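Trainee: sequence first, predicted coordinates after that:
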Amino acid sequence: MKEYELFIGPQHPGITGNMMYHLWVDGDTVTKAECNVGYLHRGFEKLMESRLWMQNIPLVCRICVPEPDVNEAAYSMAVEQLMGWEIPDRARYIRTIVLELARISAYLMAIGSYAGSIGIYTIPQWSMGDRDYILDIFEQLTGARVYHIYIWPGGVRWDIPADLPHLIEKTLNYIEERLKLYDDVLFENRIFFDRAIGVGKIPCNKAIEWGVTGPNLRACGYGYDVRKLEPYAAYDEIDFDVVSYPDLGKFDAHEAGDAYTRMIVRRLEIEQSIRIIRQALKKMPEGEHILKHPNWLRWKVPEGYAFSRVESSKGEFGYFVVSDGGLKPVRIHVRGPSYTHGINVAEKILQGANIADVSQILFSLDICPPDIDR
Amino acid sequence: MSILKPLKAWKHLAKKPHTIKYPYEEHVDMEEKRLPTDRLRGFHSNDLDKCIGCGLCGKICMNKAITYEEIPELKEKGLKGINIRPVIDYGRCCYCGLCVEICPTKSLKLTPNFKLISSDRKKFKFMPTQLVTKNENFEVDLDAVLFNAKDYSKKFGEGEK
Amino acid sequence: MKSIELLGKGEEMYGRAYIKLNVNELEEAIKKLKENGFTHFVMLSCIDWLDKGKFELVYHMWNYEEKEHAMLSIDIDRNNAVMKSMSHLFPQIETYEREIHEMYGIKFDGNTRLTPFLLENWPHAPPMRKDFNSEKFVKQVYESIPFIEEDENEGI
């Protein structure tokens, strides 16, 4: 058999963004894969070194587009560590609600894109429409639909308007109704079972060494979640479960670490997020929503090295912030979860796969190129 | 696992779609409230009498979208302070609102107007005034802003407000 | 903290362990931590201290059982930036070293895949170094920072 080279290029509906995979193919089977990124490199880390501490916030939220609040929260937490600030209780609960709403909207987008890759095109149309109702909530709370610029060091920017909790409750009820339809069309569909079981397996004893985090790690059998290991915002006062193989609720568990289990874990975590938001709305305390800031043009952060981590819908987001006591940061390094998933893990899993399954494997890992390139 | 359950999706043929035929229908949220609300971060409005020309909004803007222009009539009006006022370039503005938070007299504000349609590039760089307020159709009224320092006496001249 | 006890030196900084090591102690330290529960390698960062004349490489590791984050830091000389590669210990270190080689110009001996990662056809100096001024670079290569042309007679 002859060997062919294929370029699944930066403009393709079968990959999750703007990146390129270079495949060597023998017949129908992939023998080698190489990842090629750099189409979305905007130079964030160099730009952040020439701006004041407060001017970085409208820039930081543009690193991950489906879920921008995660970056704002991680940056604010690192600056609060260096300053030694404790944020007020009301701000912690509001941050929890905003982060969980962003998580639901990112999971809806991930489930929709995955279903499109195996040919069930009804689900992406439904899920992008349902995501719009969550963006309506964000528009009334933060002032913009996608780039919120809402979570600041010291708390949140504005308080919740009085009529918003009722709208949030109505939207959550609507999403719960729609999840039953998603089960009928995708998660209990014969096509999903035949195509996804046993495909794209990550060897479970090597998952942590390869740097897998987030729902992909929980599908391999490890119940690790940053919200339980190192609680931030209000997660230590709220009751929720960590979904991991083999406890998959009402769905049957098949093999660990394959595409089927990863998508079922994401489907069940939407229900846990809805549970968290309902508890946070009930338990919300009174009080201030932000601490008093110093003068922004003369704000110097004490020197030190700080690291903060946040659980996003794709994995573990990390921010390493270095300051030398000046007006501008010395170094900010962003760790995106797709850095390990998209390059090292994908190149190893794609060996031996069918060409028709390449798209499905990449979507089930939920790779997002902006946080590789920054 | 089932092969007939996905056919339940056919019942959506009889339902009303959740697409909004904008602009013939209004954009409302799930509780029939008209969107966008007053919190939306759109174009600016600036009260030229309250503004003191301190220059803080230009210093905090990271995109260098705010420059300043002098209006001679303000000095004759007897207002205390410097008579320069901000001019905003909306090709560079990212609508973050940091200039509003840092303004010491609270004269600079963000209105929910987000529509501005023009085929002339120069119409997107202007000085916002206090005549820019929330519009019915969320459009920016180009007669309420200043494109030229000489327009001040036309819009705010004697006997007119 | 467990990592400070295992390696015998270091201090606690904002809840994390910050340990300063020599260049030849690094491989043994990472192996020792890997066998004692620090199984997750988080990332590899590089800081450019221009006035002190050195690069600082920081290796971050995380322990899932003890919930502890360790930062191992080494210094290398800025004018002769060469370091031994650690990609045989964890597979993702190969990608981090590739990016640092491209952005800072540090050579890693033993890494066979130091090919361009994010930038393409880049013949100029490594861009993340502190003596690379972005505005001057744009003026040199593109001969102007694009500003909107003003007409003197009209417009504000």
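Mentor: Okay, I see it.
Trainee: ok, the residue nearest to residue C:126 when sequence neighbours are not counted to residue C:131 distance?
Mentor: Spatial nearest neighbour of residue C:126, excluding adjacent residues (C-beta to C-beta, 6 or more residues apart in numbering or on different chains): residue C:105 at 3.9 Å. Heads up, the C-betas are built off the backbone N, CA and C, glycines and all. Separation of residue C:105 from residue C:131 (C-beta to C-beta, to the nearest Å) stands at 11 Å.
Trainee: circling back: the residue nearest to residue C:126 and residue C:53, how far apart?
Mentor: 15 Å.
Trainee: cool, residue A:278 as well?
Mentor: Residue A:278 is 56 Å from residue C:53, by C-beta to C-beta.
Trainee: okay, residue C:105 and residue C:131: which has more neighbours?
Mentor: residue C:105 (15 against 9; other C-beta atoms under 10 Å in any protein chain shown).
Trainee: give me the phi and psi for that one.
Mentor: phi 80, psi 30 (degrees, to the nearest 10).
Trainee: list the contacts for it?
Mentor: Residue C:105 sits next to C:81, C:125-126, C:129 when contact means C-beta atoms under 8 Å, 6 or more residues apart in numbering or on different chains.
Trainee: which residues of the stretch 201-350 of chain A fall in strands?
Mentor: Here the stretch 201-350 of chain A has its strands, by DSSP state E, counting those that start in this stretch, at A:304-311, A:316-323, A:331-335.
Trainee: actually, chain C.
Mentor: C:11-13, C:16-20, C:40-49, C:54-63, C:68-77, C:82-84, C:107-109 (DSSP state E).
Trainee: and residue A:237, which of these is closest to it?
Mentor: Minimum separation from residue A:237 across the strands of chain C (C-beta to C-beta) falls at strand C:68-77, 23.0 Å.
Trainee: what is that closest one packed up against?
Mentor: strand A:304-311, helix C:2-7, strand C:16-20, helix C:26-35, strand C:54-63 (3 or more C-beta pairs under 8 Å, 6 or more residues apart in numbering or on different chains; DSSP states H and E).
Trainee: okay, these in TSV with distance to chain B and mean neighbour count next?
Mentor: Shown next, in TSV, are the helices and strands packed on strand C:68-77 (distance: least, C-beta to the nearest C-beta, whole Å; neighbours: other C-beta atoms under 10 Å in any protein chain shown):
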stretch	distance to chain B	mean neighbour count
strand A:304-311	21	23
helix C:2-7	39	17
strand C:16-20	30	20
helix C:26-35	38	16
strand C:54-63	28	22
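Trainee: using a markdown table, lay out the ones you listed together with mean pLDDT and distance to residue A:122.
Mentor: Listed next are those as a markdown table, based on pLDDT from 0 to 100; distance: least, C-beta to C-beta, whole Å:
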| stretch | mean pLDDT | distance to residue A:122 |
| --- | --- | --- |
| strand A:304-311 | 92 | 30 |
| helix C:2-7 | 83 | 51 |
| strand C:16-20 | 91 | 47 |
| helix C:26-35 | 89 | 47 |
| strand C:54-63 | 92 | 40 |
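Trainee: how about these in CSV, adding distance to residue A:319?
Mentor: Formatted as CSV, these follow (distance: least, C-beta to C-beta, whole Å):
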stretch, distance to residue A:319
strand A:304-311, 5
helix C:2-7, 21
strand C:16-20, 13
helix C:26-35, 22
strand C:54-63, 11
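Trainee: poorly predicted segments of the stretch 151-300 of chain A, please.
Mentor: In the predicted model of the stretch 151-300 of chain A, no residue satisfies pLDDT under 70.
Trainee: can you give me the strands in chain B?
Mentor: Counting by DSSP E, the strands of chain B are B:44-46, B:66-70, B:84-89, B:108-110, B:125-126.
Trainee: so for residue A:89, which of those strands sits nearest?
Mentor: Closest among the strands of chain B, using C-beta to C-beta: strand B:108-110, at 28.7 Å.
Trainee: who are the packing partners of the closest one?
Mentor: For strand B:108-110, the packing partners by 3+ C-beta pairs under 8 Å, 6+ apart are strand B:44-46, helix B:98-102.
Trainee: tell me which other helices or strands the longest one touches.
Mentor: Contact partners of helix B:98-102 among helices and strands, from 3+ C-beta pairs under 8 Å, 6+ apart: helix B:56-60, strand B:108-110.
Trainee: so which bits of it are buried?
Mentor: Buried residues in helix B:98-102, counting neighbours by 16 or more other C-beta atoms under 10 Å in any protein chain shown, are found at B:98-102.
Trainee: columns pLDDT and distance to residue A:365 on top of the residues you listed, output as a markdown table?
Mentor: Formatted as a markdown table, the buried residues of helix B:98-102 follow (pLDDT from 0 to 100; distance: C-beta to C-beta, whole Å):
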| residue | pLDDT | distance to residue A:365 |
| --- | --- | --- |
| B:98 | 92 | 37 |
| B:99 | 92 | 41 |
| B:100 | 92 | 41 |
| B:101 | 91 | 40 |
| B:102 | 91 | 43 |
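Trainee: nearest to residue C:63, of the residues you listed?
Mentor: residue B:98 (39.3 Å).
Trainee: tell me the confidence at the residue lying closest to the closest one once chain neighbours are set aside?
Mentor: Distances taken as C-beta to C-beta, 6+ apart place residue B:60 nearest to residue B:98, at 5.2 Å, with adjacent residues excluded. Note on residue B:60: pLDDT of 91.
Trainee: list the contacts of residue A:311.
Mentor: A:214, A:225-227, A:317.
Trainee: scan chain C for its longest helix.
Mentor: helix C:93-104 (DSSP state H).
Trainee: what about that one and chain A, any contact?
Mentor: Yes. Using C-beta under 8 Å from any C-beta of the partner chain, we find that helix C:93-104 touches chain A at C:94-95.
Trainee: may I have the phi/psi pair for the most centrally placed residue in chain B?
Mentor: In chain B, the residue lying closest to the centroid (C-alpha atoms, centre = their mean) is residue B:43, at 1.3 Å. For residue B:43, the backbone dihedrals are phi -80, psi 160 (criterion: degrees, to the nearest 10).
Trainee: check the one 5 residues further on too.
Mentor: Torsion angles at residue B:48 (phi, psi; degrees, to the nearest 10) stand at phi -70, psi -20.
Trainee: any idea how far residue A:35 is from residue A:345?
Mentor: Residue A:345 is 10 Å from residue A:35, by C-beta to C-beta.
Trainee: those two: which has the busier surroundings?
Mentor: Each of residue A:345 and residue A:35 has its neighbours counted (other C-beta under 10 Å); residue A:345 has more, 23 against 20.
Trainee: report how many residues lie close to the residue nearest to the more buried one when sequence neighbours are not counted.
Mentor: Once flanking residues are discounted, residue A:345 sits nearest to residue A:210: 5.4 Å by C-beta to C-beta, 6+ apart. When neighbours are counted by other C-beta under 10 Å, residue A:210 registers 19.
Trainee: and residue A:210, what does it touch?
Mentor: A:202, A:340, A:344-345, A:348, C:91-92.
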